[in-house]
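Asker: just coords:
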């Protein structure tokens, strides 16, 4: 960055950008039960999240590479513009399929926002100051956690869920204006090759895997059917070819050499697993609150809010203590809290008091704050400037991939559990024709027998409990992976010396 860059205003712009993404996550999660009720298609419920995280995952490493090659500002701006276009189209969706398509476009834009935001902050700040800034930036999630549920709940309950997407537009424009007025950078342009083949192979293989997971076991797609087996085969072959291409590519979509470094490999693995836990709470807890407990969308959002407060609180403390007690100690503490929160989550019942849900969100949120904050700092400290964009993007990539695979796997368990529990509750007979619609909050139930409604609620409660048990297993794996981090307390003191372009 050159001397004309206004560091304070650029920092504000990055905070606004993080706020943009954070609000979208909170608001969409809260509104999805109502959206499903309006647009129908609960079987496509998981796709609204999976397609967004998939396109985010695919584009994140590409944006990271492009940011190193073309500069942070222009690539960041392209991402924000695509995100805003996707947001407007999502708000105008008339069918579930349209929403899924436009969410894909929104994800393409979001793939630039998170990694480049943290890359710019990595350029502006260094050393211990950078660690503190990561904690400060995490506090933006707290603001989003307060604004998201309140604004989103109001729109869903009193206006229209469509406004949860439209609200992104003014926020995004503010961020763009601040960046273009205040961020000035100088970098060397290089001859380059964008790894489109790698991106295409990854998209095809992961899409095939997601489709197989989310549809396998359904009436039209048995696990042993030719269609599902073909999809799994395409996924396996595609992943193998992806790694072959990445190993030979001049500028790979995902530099495999980065994963040879223990700090990066372990941080990315733990981020992948923790993100899978995170998506489960954001997707399935609102369904429990609205469909099982019968609360409003606003109430559902307010229940998620404590996570967004606990996360930045823990991240701020963790960022300040990393250099004193060691990064691993902070991360392990976070892992333990995540497991504790997931144990509590797995014990939920139909009669569980409402305050338990708030407590669960606080514990898991603090766990995420303590565990995630050291990862970004450690990764950025392990590589020189020219690789910082790609290294940061690799971590964001693994977080997005964790959410993508998490929502697909949990969706598979949920769909299977619904089918199994429906057979039990309806005595082996066929459930009512409007069974899928009855699973959504806001469904018309005036002419539905009380016994049927109770059976539907039982099916949903047992199915969600199955998901929560799988989430608990994921949290344990998260903690075990964190234990693989380097033991020494001063790991960050051995960081690579910045080798950034000369400043004018």
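Answerer: Perfect, thanks for sending it. For clarity, every value in this text was computed on a predicted model and none was experimentally measured.

Asker: longest helix in this protein, by number of residues?
Answerer: helix 385-425 (DSSP state H).

Asker: give me the mean pLDDT for that helix.
Answerer: In this model, helix 385-425 has an average pLDDT of 79.

Asker: try stretch 270-290
Answerer: Average pLDDT, stretch 270-290: 87.

Asker: tell me the secondary structure for residue 294?
Answerer: Following DSSP: H, G, I helix; E, B strand; the rest coil, the label given to residue 294 is coil.

Asker: domains in this protein, as residue ranges please.
Answerer: Here the domain parsing of the chain from automatic domain parsing is 7-184+249-494, 196-248.

Asker: looking at these, which is buried most?
Answerer: Highest mean neighbour count among these (mean count of other CB atoms under 10 Å): domain 7-184+249-494, with a mean of 21. To be clear about C-beta, it is placed using only N, CA and C from the backbone, and glycine gets the same treatment.

Asker: please report how far the residue lying closest to residue 288 once chain neighbours are set aside lies from residue 410.
Answerer: Spatial nearest neighbour of residue 288, excluding adjacent residues (CB to CB, 6 or more residues apart in numbering): residue 464 at 5.4 Å. Noted for residue 464: a distance of 10 Å to residue 410, by CB to CB, to the nearest Å.

Asker: what packs against whatever helix or strand the residue nearest to residue 288 lives in?
Answerer: Under the criterion of DSSP states H and E, residue 464 resides in helix 450-482. Using 3 or more CB pairs under 8 Å, 6 or more residues apart in numbering; DSSP states H and E, the elements in contact with helix 450-482 are helix 262-287, helix 327-346, helix 385-425, helix 435-438.

Asker: ok, now which ones touch the residue nearest to residue 288?
Answerer: 284, 287-288, 292, 414 (CB atoms under 8 Å, 6 or more residues apart in numbering).

Asker: quick check, pLDDT for it.
Answerer: Taking residue 464 on its own, its pLDDT is 89.

Asker: next one: residue 2
Answerer: At residue 2, pLDDT is 48.

Asker: swap in the one 10 residues further on?
Answerer: Reading off the confidence values, residue 12 has pLDDT 85.

Asker: just to revisit the earlier point, could the contacts of residue 464 be laid out in TSV, adding distance to residue 264?
Answerer: Formatted as TSV, the contacts of residue 464 follow (distance: CB to CB, whole Å):
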residue	distance to residue 264
284	30
287	35
288	36
292	41
414	33
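
Asker: which two among these are spaced furthest apart?
Answerer: Using CB to CB, the contacts of residue 464 reach their maximum pairwise distance at 292 and 414, which is 13.6 Å.

Asker: so which strand or helix has the closest residue in space to residue 297 that isn't next to it in sequence?
Answerer: For residue 297, ignoring the flanking residues on the chain, the nearest one in space by CB to CB, 6+ apart is residue 156 at 3.9 Å. Using DSSP H and E, residue 156 falls within helix 127-158.

Asker: next helix or strand past that helix?
Answerer: Counting by DSSP H and E, what follows helix 127-158 is helix 163-166.

Asker: ok, back up a step: and the longest helix of the chain, what does it pack onto?
Answerer: Under the contact criterion of 3+ CB pairs under 8 Å, 6+ apart, helix 385-425 touches helix 45-70, helix 96-124, helix 196-215, helix 262-287, helix 354-381, helix 450-482.

Asker: relative to helix 327-346, how tilted is the longest one?
Answerer: Following axes from the mean of the first three to the mean of the last three CA atoms, to 10 degrees, one obtains 160 degrees for the angle between helix 450-482 and helix 327-346.

Asker: closest one of the contacts of residue 464 to residue 326?
Answerer: Proximity of the contacts of residue 464 to residue 326 (CB to CB) peaks at residue 284, which lies at 34.2 Å.

Asker: pick out the shakiest of the domains of the chain, pLDDT-wise.
Answerer: domain 7-184+249-494 (a mean of 80).

Asker: as CSV, the helices and strands packed on helix 385-425 with distance to residue 246 would be great.
Answerer: Below are the helices and strands packed on helix 385-425 laid out as CSV (distance: least, CB to CB, whole Å):
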stretch, distance to residue 246
helix 45-70, 10
helix 96-124, 18
helix 196-215, 6
helix 262-287, 15
helix 354-381, 19
helix 450-482, 22
